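Enquirer: Got a predicted model here, sequence first, then my questions.
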Amino acid sequence: MLRRFCTTLFLAVQPLLAHSAPIDVPVTYVRQKQAPLATLSNLDPRPDDLGTAGAQLALLDNLTTGKFLGHNYKLNLVEVPEDGDALAAVTTALMTSQLVVLDMPAATARAVADLPAAQTALLFNASAPDADLRNADCRANLLHTIPSDAMRADAVMQFARSKRWEDLAMVMGPRPADQRFAAALENSAAKFGLKIDTKLTWDIDADMRRNAAQEVPLLTQSLGDYDLLLVADEADDFARYIPFNTWHPRPVAGSAGLMPKTWSPVVEQWGAAQLQGRFLDEHARDMQSRDYAAWAAVRSIGEAVTRTGSADAQTLRDFILSDAFELAGFKGRPLSYRSWNGQLRQPIPLVTPRAVVTQAPLPGYLHQHSEMDTLGFDQPETTCEAFQ
């Protein structure tokens, strides 16, 4: 399989060999550690190399192509402590590399993009799904490979609309990330002509490992009747206890049941099984959404360097935002970036723990430019002005 992969890459880059020249391409991945959240279950611990593992796999992919072209890729991993100075770390990194992948909260990523030293750099947000970073608080030097909350919410609502599940209810967590995803679901419901009639905030502090069958029915009884129950629990705290425990026998979607994911181990089509296998071989675990976002960021750099023959950040940015850029992302169609807010267009798999149910955009959701622009903020909807 590896030999076939290398052969395919060689054939793809062969036309470029005559124009190739040695280039050094240093990339820095800056991750700010986050305090672990206390959750009801510890069955799914967060890997220590979450995100960085995806960047490292992309580095290997870039090197496979680069060795034919004389392009020398290097990846520098920088980890900032929870109480560390991320701005200082990025400022130092920019002295040696103008290509930086950010794994940090939205506010910090925005502050990084505003650094004087970052104005000529190319930055990738690989972890923050916040809507504001794609709208009023967007930055021209900051692109996004992690899907926005709005993209994932729209995937759920396209599916709900296709099933004619028009009456919705929602349970949301108390954390800010839960509230942001809940707001995205509510906005998306209105966008697709659906309505969230009732909603409530999770406030049960019992041991759900023992009491889910008693507590959840009582909680969801107050929601009345509905077609689909939405759950907004970004920390994966309580959502796992809701399916099959609701008062009414209804489907669940969002953070449990049918889940909109950037990436999932159950994605197998379009060559995804090969990507999954290579990741497993390298890191002895399954690839997760943040790994995929980091992989896409580093691979975007590699694809742009291959096509332009340059490692200049502004040259790469211009090409990446152009119609000529395409990234083979193992999702069934080429990925590209939105020129109005820097978001990577990509399909969103809707999955259960054991299978892909479908992938958004669903059939029938048409768009004059790309069906993938039916997910998230389309150009007429955006309030981002930095890219104009």
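Expert: Now that the structure is in, tell me what you want to look at. The model shown is predicted, which means the values in this text are computed figures rather than measured ones. Numbering: from 1, shown residues only.
Enquirer: C-alpha only now, for contacts and for neighbours.
Expert: Noted.
Enquirer: May I have the longest helix along the chain as PDB, with CA atoms only?
Expert: Longest helix in the chain, counting residues (DSSP state H): helix 289-308. These are the backbone C-alpha positions of helix 289-308, laid out as PDB (Å, rounded to 0.1, in the frame of the first residue of the first chain):
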ATOM      1  CA  SER A 289     -11.100  15.600  14.700                       C
ATOM      2  CA  ARG A 290      -8.300  17.800  16.000                       C
ATOM      3  CA  ASP A 291      -5.700  15.500  14.500                       C
ATOM      4  CA  TYR A 292      -7.400  15.900  11.200                       C
ATOM      5  CA  ALA A 293      -7.500  19.700  11.400                       C
ATOM      6  CA  ALA A 294      -3.800  19.800  12.200                       C
ATOM      7  CA  TRP A 295      -3.100  17.400   9.400                       C
ATOM      8  CA  ALA A 296      -5.100  19.500   6.900                       C
ATOM      9  CA  ALA A 297      -3.200  22.700   8.000                       C
ATOM     10  CA  VAL A 298       0.200  21.200   7.400                       C
ATOM     11  CA  ARG A 299      -0.900  19.400   4.200                       C
ATOM     12  CA  SER A 300      -2.300  22.700   2.900                       C
ATOM     13  CA  ILE A 301       1.100  24.200   3.300                       C
ATOM     14  CA  GLY A 302       2.700  21.300   1.500                       C
ATOM     15  CA  GLU A 303       0.300  21.400  -1.400                       C
ATOM     16  CA  ALA A 304       0.700  25.100  -1.800                       C
ATOM     17  CA  VAL A 305       4.500  24.900  -1.700                       C
ATOM     18  CA  THR A 306       4.400  22.100  -4.300                       C
ATOM     19  CA  ARG A 307       2.200  24.100  -6.700                       C
ATOM     20  CA  THR A 308       3.900  27.500  -6.300                       C
END
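Enquirer: Name the residues of the helix or strand just after it that come out as buried.
Expert: For helix 289-308, the following helix or strand on the C-terminal side (DSSP states H and E) is helix 313-320. Residues of helix 313-320 classed as buried: 313-314, 316-317, 319-320 (neighbour count, 16 or more other CA atoms under 10 Å).
Enquirer: which secondary structure elements does helix 313-320 contact?
Expert: Packed against helix 313-320, as judged by 3 or more CA pairs under 8 Å, 6 or more residues apart in numbering; DSSP states H and E, are the following elements: strand 122-125, helix 289-308.
Enquirer: outside of it, which residues touch it?
Expert: Helix 313-320 is touched from outside by 98-99, 120-122, 300-301, 304-305, 308, 310, 325, 336-337, with contacts defined as CA atoms under 8 Å, 6 or more residues apart in numbering.
Enquirer: try stretch 266-278
Expert: With contact meaning CA under 8 Å, 6+ apart, stretch 266-278 is reached by 265, 286-287, 330-332, 349, 351, 353-356.
Enquirer: now that stretch: how far from the chain's centre is it?
Expert: Between the mean C-alpha location of stretch 266-278 and the chain-wide mean there is a distance of 17 Å, by CA atoms, centre = their mean, to the nearest Å.
Enquirer: Then stretch 227-245?
Expert: Relative to its chain's centre, stretch 227-245 lies at 20 Å (CA atoms, centre = their mean).
Enquirer: secondary structure class for the nearest residue to A253 once chain neighbours are set aside?
Expert: Leaving out its chain neighbours, the residue that sits closest to A253 by CA to CA, 6 or more residues apart in numbering is L230, at 5.0 Å. Applying DSSP: H, G, I helix; E, B strand; the rest coil to L230 yields a three-state assignment of strand.
Enquirer: Could you measure from L230 over to V171?
Expert: For L230, the distance to V171 under the criterion CA to CA, to the nearest Å works out to 6 Å.
Enquirer: Show me which of these two is the more surrounded one.
Expert: L230 (27 against 23; other CA atoms under 10 Å).
Enquirer: So which residues of the stretch 1-150 of the chain form strands?
Expert: Assignment of strands within the stretch 1-150 of the chain using DSSP state E, counting those that start in this stretch yields the ranges 23-32, 71-80, 99-103, 122-125, 142-144.
Enquirer: How about residues contacting the second one?
Expert: Among residues not part of strand 71-80, those counted as contacts by CA under 8 Å, 6+ apart are 21-33, 52, 56, 59, 62-63, 66, 86, 89.
Enquirer: how about 7 Å then?
Expert: By CA atoms under 7 Å, 6 or more residues apart in numbering, the surrounding residues in contact with strand 71-80 are 22-33, 59, 62-63, 66, 86.
Enquirer: got the buried residues for that strand?
Expert: By neighbour count with 16+ other CA under 10 Å, strand 71-80 contains the buried residues 71, 73-75, 78-80.
Enquirer: Equivalent analysis for the first one, please.
Expert: Taking 16+ other CA under 10 Å as the neighbour-count basis, strand 23-32 is seen to contain the buried residues 23, 25-32.
Enquirer: Could you pull up the mean pLDDT of that strand?
Expert: Confidence over strand 23-32, taken as the mean pLDDT, stands at 97.
Enquirer: now the second one
Expert: For strand 71-80, the mean pLDDT works out to 97.
Enquirer: neighbouring strands for that strand, and are they parallel or not?
Expert: Based on DSSP bridges, the strands next to strand 71-80 in the sheet, each with its direction, are strand 23-32 (parallel).
Enquirer: Give the buried residues for stretch 240-260.
Expert: Of the residues in stretch 240-260, those buried under the neighbour-count criterion (16+ other CA under 10 Å) are 240-248, 251-260.
Enquirer: List the contacts of the closest residue to A121 other than its chain neighbours.
Expert: Distances taken as CA to CA, 6+ apart place Q98 nearest to A121, at 4.6 Å, with adjacent residues excluded. Under the criterion of CA under 7 Å, 6+ apart, the contact partners of Q98 comprise 121-122, 313.
Enquirer: Please report the distance of Q98 from L316.
Expert: Per CA to CA, Q98 is found 11 Å from L316.
Enquirer: And L327, by the same measure?
Expert: Between L327 and L316 the computed distance is 14 Å (CA to CA).
Enquirer: before we move on, what about D205?
Expert: From D205 to L316 the distance is 50 Å (CA to CA).
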